[in-house]
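Enquirer: Build me a model from this:
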Amino acid sequence: MRSLFSIALVLLVVLMITVEASMKKKEKGKEPKADVECSEWQYGKCVPNSGDCGAGIREATCNEQTKKTKCKVPCNWKKDFGADCKYKFGRWAECDTTTGTRSRSGTLKKALFNAECQTTIKVSKPCTPKTPKPKGGEKKKGKGKEN
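Expert: The predicted structure is shown next:
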């Protein structure tokens, strides 16, 4: 009975040491909080780590404090109005035959990170010729079983 009690006591001490060590490790990784919390943070643009999209860093400043936060630039974002400006778009207009483009306008839905965004924008894209796709007429070669 004494040996069982001794083993339980040793396991309890080992468990306490392990928990204390992991708590110190967690505290080491945390940044010390500023004495004064800032309410008016000014955020910069998200700068991708490599290329023009993907994971990146956004720098924020308030008074004399500066912090960097992780961010992500979508790879399909429109560079004209930025990734931090979210718009609600209407339908695409009919093709303008003189310019060969179609356009649509959007109104600002949300500006993330205090970004400076235009309230309305207009985007355009080239017209695509409408060619009907054949419906099941010919089968593709090279797929499936050969007989």
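Enquirer: Could you use CA atoms for every contact and neighbour count after this?
Expert: Will do.
Enquirer: Check the gap between Gly56 and Gly44 for me.
Expert: Going from Gly56 to Gly44 by CA to CA, to the nearest Å gives 12 Å.
Enquirer: Without its sequence neighbours, what residue ends up closest to Ser103?
Expert: Ser124 (4.0 Å; CA to CA, 6 or more residues apart in numbering).
Enquirer: Counting neighbours, go ahead and name the busier of Gly56 and Gly44.
Expert: A side-by-side neighbour count of Gly56 and Gly44, using other CA atoms under 10 Å, places Gly56 first with 18 against 15.
Enquirer: beta partners of the more buried one?
Expert: As for beta bridges, Gly56 partners with Pro48, Cys71 under DSSP bridges.
Enquirer: Model confidence for the residue most central in space within the chain, exactly?
Expert: Geometric centre of the chain, nearest residue: Lys72, 3.6 Å, by CA atoms, centre = their mean. According to the prediction, Lys72 has pLDDT 86.
Enquirer: and if you look at the one 10 residues further on?
Expert: At Gly82, the pLDDT value in this model is 73.
Enquirer: distance of it from Gly44?
Expert: 12 Å.
Enquirer: cool, and Pro126?
Expert: Pro126 sits 32 Å away from Gly44, going by CA to CA.
Enquirer: So, low pLDDT: which residues of the chain?
Expert: 24-36, 77-80, 130-147 (pLDDT under 70).
Enquirer: what comes up buried for the strand ranked longest in the chain?
Expert: The longest strand of the chain (DSSP state E) is strand 101-111. Buried residues in strand 101-111, defined by neighbour count with 16 or more other CA atoms under 10 Å: Arg102, Ser103, Ser105, Gly106, Ala111.
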